[in-house]
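Q: sequence and computational prediction follow.
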Amino acid sequence: MILPKSFYERDPAVVARELLGNMLVVRDKEVLKGRIVETEAYYGLSDPASRAFKGKTKLSRWMWEDAGSTFVYMVHGYWLFNIITERKGKPSGVLIRAVEPVEGIEHMMKRRGKEKIRDLTSGPGKLTISFNISGKDNGLKVYDPESRISVEKCDDKKFNISTSGRIGVREDLQEHLRFFIEGNEFVSR
DNA sequence: AGGAAGATCTACT
DNA sequence: GTAGATCTTCCTA
């Protein structure tokens, strides 16, 4: 079962919260799966921390795509993975900050060059290395089962959700826009 | 040519 | 746990 496009056509904070517990899936030669345990919401034009804040550029143009599209960009030498929310022409999105490895763990270890499972995906730049996600993966549709990257629905929601301010942003908004599964060891920091 | 960016690693206390 | 170096694109001048 895959999450439908309509799931993403909502406020980014709602999508960020409800993405927790679902499964990020990448299909290469091998299949890689991870349970989403930490997210952050980014509003487009009204959010100083958002890539879209300074307008549409070659870099940020993917945020103007329709809901459920991927947006990958580079920060400090690492790729960060986002899913676009709301609707085409209204930029906003959700950053996937951490996942819990579920399938293809040996491949992740190999790609990361780390033995400890905890080190594989416990941060936004780490998970893109483990899952082999980079700038070439912009504009994919995560609601399309044929897509290289997709998100599967998971009904097991037995966990508590905590919130906080976003991490690493220069000018954060008032609201808490970071969401994570309480007590999960793969949550960053 | 120089800088910025939603981070991570390493090497210490 | 914290401090400082360093990572890689793309943007701006």
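A: That came through fine. Residues are numbered from 1 along each chain as shown, chains lettered A, B, ... in the order given.
Q: for stretch A:60-70, buried residues please.
A: Buried residues in stretch A:60-70, counted by 16 or more other C-beta atoms under 10 Å: A:60-70. Where you see a C-beta, it was placed from the backbone N, CA and C, and this is true even at glycine.
Q: near DNA strand C, anything from stretch A:48-57?
A: Yes - in this structure, stretch A:48-57 sits against DNA strand C according to C-beta under 7 Å from any atom of the strand; the contacting residues are A:54, A:57.
Q: now that stretch, how far from the centre of its chain.
A: In this view, stretch A:48-57 has its centroid 18 Å away from the chain centroid, taken as C-alpha atoms, centre = their mean, to the nearest Å.
Q: backbone dihedrals for the residue of chain A most remote from its centre, please?
A: In chain A, A:E115 marks the outermost C-alpha relative to the chain mean, sitting 23.4 Å out by C-alpha atoms, centre = their mean. When quoted as degrees, to the nearest 10, the phi and psi of A:E115 stand at phi -90, psi -40.
Q: tell me how far it lies from A:V31.
A: According to C-beta to C-beta, to the nearest Å, A:E115 stands 21 Å off from A:V31.
Q: burial count for A:A49?
A: Other residues near A:A49 come to 17 when the count uses other C-beta atoms under 10 Å.
Q: near DNA strand B, which residues of chain A are found?
A: Proximity of chain A to DNA strand B is confined to A:40, A:42, A:49-51, A:74-78, A:80, A:82, A:93, A:95, A:112, A:114, A:119, A:123-126, A:166-170, A:188 under the rule C-beta under 7 Å from any atom of the strand.
Q: if you set the cut-off to 6 Å instead, what comes out?
A: Those residues of chain A that sit near DNA strand B, judged by C-beta under 6 Å from any atom of the strand, are A:40, A:42, A:49-51, A:74-76, A:78, A:80, A:82, A:95, A:123-126, A:167-170, A:188.
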